[in-house]
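Undergrad: Quick one: sequence and predicted model below, then my questions.
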Amino acid sequence: MDFAPTEEQTAIFDMAYEFGQAQIAPHAHTWEKDGTIPKELWPRVGELGFGGLYVSEESGGSGLSRLDATLVFEALSMACPSVAAFLSIHNMCARMIDAFGSDALKDRVLADVVAMNTVLSYCLTEPGSGSDAAALKTRAERTNEGYRLNGTKAFISGGGYSDAYVVMVRTSDEGAAGVSTVLVEDGARGLSFGGLEDKMGWRSQPTAQVQFDNCEVPAANLVGEEGKGFKYAMIGLDGGRLNIAACSLGAAQIALDKTLDYMGERKAFGQSIDQFQGLQFRIADMEIELQAARTFLRQAAWKLDTKAPDATKFCAMAKKFVTETGSKVVDQCLQLHGGYGYLADYGIEKLVRDLRVHQILEGTNEIMRLIVARDMLKNR
Ligand SMILES: Cc1cc2nc3c(=O)[nH]c(=O)nc-3n(C[C@H](O)[C@H](O)[C@H](O)COP(=O)(O)OP(=O)(O)OC[C@H]3O[C@@H](n4cnc5c(N)ncnc54)[C@H](O)[C@@H]3O)c2cc1C
C-alpha cells in the first residue's frame, strides 16, 4: 500500500494547477458575471490532454487513470470549481463515446472531442425525472434514416452552448432496459433550447433545457447498442462522481489556504485572529476533514481503476462524504473571514455557492446513501 502520488501524478497536478491559476482564476469572477465560459478556453485545455483524460490512447486520448483525473479536477477547482466541473461533464461524455461508440462514430467525432473543438453535454435528467432517471420519457422512434426524438431534458449543463449532446432516450417501454444513448449534434433539425436558468452557483456555466421536437438523428449516432443506454449512463456517473468530489476538495483546499493567510493579517483585540485558540481548533478540524476526504476519494478512484466489485459503492460514499465536507469547510472559511467573507472580492462566497450543487447533481447525496445501503443490505 502506497499513499504517495507518483512523480508523474505530481506533475499532472502541478500542470493543471498552474494552468488554472494562469488561465482560469483571474477570469473566474468575470465569467460568472457574464454567465458563460469563453469557448476559446477549451482548445487550450484540450492541448494539455484534458479533453479526453480517460479516453484511451488508441482513440487519441490521454489514457489516464481515474485517480489521475481526480488530481486534474482537484487542481483546476482551485481556480474555479464551475469551470472544472464543466470539464468533468465533457470528459464523462467523451469516455462514454470511446468505451461504447462504434468505430465509425469514434473516427468521426473523437479527435475533435479530445481537442475540445467539440464540447459535449450529458443529457439524462428531465423535468419529470431526476433521481428516478430510468423513468425518462424522451422518445426516440426508429425511422428509415435513424431516430426521431421528441421530449425535453432539464438542467443541462452546457444546454445551448455545447457542440454536441450525449442524450439518454427511450427506444422501448421496458424501463431501464428500454433506454438508449444517442449523440445529437448542434444544429440538428428539431433541436432547441430553453432560456438560461438563473442559478445560485456554477453561474459561469450556461444551464438550460434541451428540447427535441421531431429531431432527426442519423442511425450512425447511436452510441453502442440499443437498450444499453442506461447502463452506459450509470457507468459514466461512477467517474463523474469522483470528479465532482475532487472539485469540492480542490475548492475547499484553496478556501482553507486563503483563510490561513487572512487569519494572519486580520487583527482583533490587539492580535492576529490566528492567535485565538478557538479558531486554531477550527482550522485544525478543517485540515483533518480535508485530508480524510482526500484519502477516501483517492481510495474510491483506485477501486474504480482496479475494477473492484465494490467500486460503485465507494464512488457513492466518496461523493457524499467529500462534497459534504467541502461545503462545510468553505462555509467555515467564510465565517472566519467575517463580513469580508460575504463579499465577492474575497472569492469565498462564490465557492460556498458553487459547491452547494455538488450535493445535488451526479446523483443527490440521498441517492448516494441509497446505493451504499442497498449494497450493505445485499451483502449482510
Ligand atoms: C446546476 C445543475 C446542473 C445540472 N446538470 C445536469 C446535466 O448536465 N445533465 C443532467 O442530466 N442533469 C443535470 N442536473 C440535474 C441533476 O442531476 C438533478 O437535479 C438531480 O439528479 C436530482 O434530480 P431532481 O432535481 O429531479 O430531484 P428529485 O429526484 O425530484 O429529488 C427531490 C428530493 O428527493 C430526494 N429523493 C428522490 N428520490 C429519493 C429516494 N428514493 N430516497 C430518498 N430521497 C430521494 C432527492 O435526494 C432530493 O432531495 C443538473 C442540476 C443542476 C442543479
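TA: Done, it's in.
Undergrad: Any figure for the gap between the closest residue to the ligand within the stretch 51-200 of the chain and Ala292?
TA: Per CB to the nearest ligand atom, Gly130 is where the stretch 51-200 of the chain lies closest to the ligand, at 1.9 Å. For the C-beta atoms, the positions are set from N, CA and C on the backbone; glycine is no exception. Using CB to CB, to the nearest Å, Gly130 is found at 29 Å from Ala292.
Undergrad: what's around the residue of the stretch 51-200 of the chain closest to the ligand, how many residues?
TA: Here the count is done by other CB atoms under 10 Å, and Gly130 has 18 residues near it.
Undergrad: Please name the residues that touch it.
TA: Taking CB atoms under 8 Å, 6 or more residues apart in numbering as the criterion, Gly130 is in contact with Ala154, Phe155, Thr364.
Undergrad: repeat that for 10 Å
TA: Neighbour list for Gly130: Leu124, Leu136, Ala154, Phe155, Ile360, Leu361, Gly363, Thr364, Ile367 [criterion: CB atoms under 10 Å, 6 or more residues apart in numbering].
Undergrad: filter the residues you listed to the buried ones?
TA: Among the contacts of Gly130, those that count as buried by neighbour count (16 or more other CB atoms under 10 Å) are Leu124, Leu136, Ala154, Phe155, Leu361, Gly363, Ile367.
Undergrad: so the third one sits right up against Lys137, yeah?
TA: Which is Ala154. No. In this structure Ala154 lies outside contact range of Lys137 using CB atoms under 10 Å: 11.4 Å.
Undergrad: Now do the shared contacts for those two.
TA: Common neighbours of Ala154 and Lys137 (CB under 10 Å, 6+ apart) are Glu126, Pro127, Gly128, Ser129.
Undergrad: Now do the host helix or strand of Trp302, average pLDDT.
TA: Assigned by DSSP states H and E, Trp302 belongs to helix 277-305. For helix 277-305, mean pLDDT rounds to 98.
Undergrad: and that helix, how far out from the chain's middle?
TA: Remark: helix 277-305 is offset 20 Å from the chain centroid, using CA atoms, centre = their mean, to the nearest Å.
Undergrad: What count of nearby residues applies to Gly195?
TA: 9.
Undergrad: what sits against the closest residue to Gln205 other than its chain neighbours?
TA: Excluding its sequence neighbours, the residue lying closest to Gln205 (CB to CB, 6 or more residues apart in numbering) is Phe86, at 5.0 Å. Residues near Phe86 by CB under 10 Å, 6+ apart: 37, 41-42, 45, 76, 80, 119, 121, 157-158, 161-162, 202, 204-206, 247.
Undergrad: repeat for Gln359
TA: Applying CB under 10 Å, 6+ apart, the residues near Gln359 are Ile244, Ser248, Lys319, Lys320, Thr323, Glu324, Gly326, Ser327, Asn365, Glu366, Met368.
Undergrad: Quick check: it vs the ligand, distance?
TA: 9 Å (CB to the nearest ligand atom, to the nearest Å).
Undergrad: Could you do Thr10 as well?
TA: Distance from Thr10 to the ligand, by CB to the nearest ligand atom: 31 Å.
Undergrad: pLDDT at that residue, what is it?
TA: 98.
Undergrad: Now whichever strand or helix holds Met368: buried residues?
TA: Per DSSP H and E: Met368 is located in helix 365-378. For helix 365-378, the neighbour count (16+ other CB under 10 Å) marks Asn365, Ile367, Met368, Ile371, Val372, Asp375 as buried.
Undergrad: Equivalent analysis for stretch 121-137, please.
TA: Going by neighbour count (16+ other CB under 10 Å), the buried part of stretch 121-137 is Ser121, Tyr122, Cys123, Leu124, Thr125, Glu126, Gly130, Ala133, Ala134, Leu136.
Undergrad: Tell me which residues touch the third one, please.
TA: Under the criterion of CB under 10 Å, 6+ apart, the contact partners of Cys123 comprise 93, 136, 138, 151-159, 162, 165-169, 181-182, 184, 209-210, 212, 233.
Undergrad: which ones are touching the nearest residue to Leu67 once chain neighbours are set aside?
TA: Leaving aside its sequence neighbours, Leu67 sits nearest to Ala301 (CB to CB, 6+ apart; 4.0 Å). Contact analysis of Ala301 by CB under 10 Å, 6+ apart lists 65-71, 238-239, 242-243, 245-246, 311, 314-315, 318.
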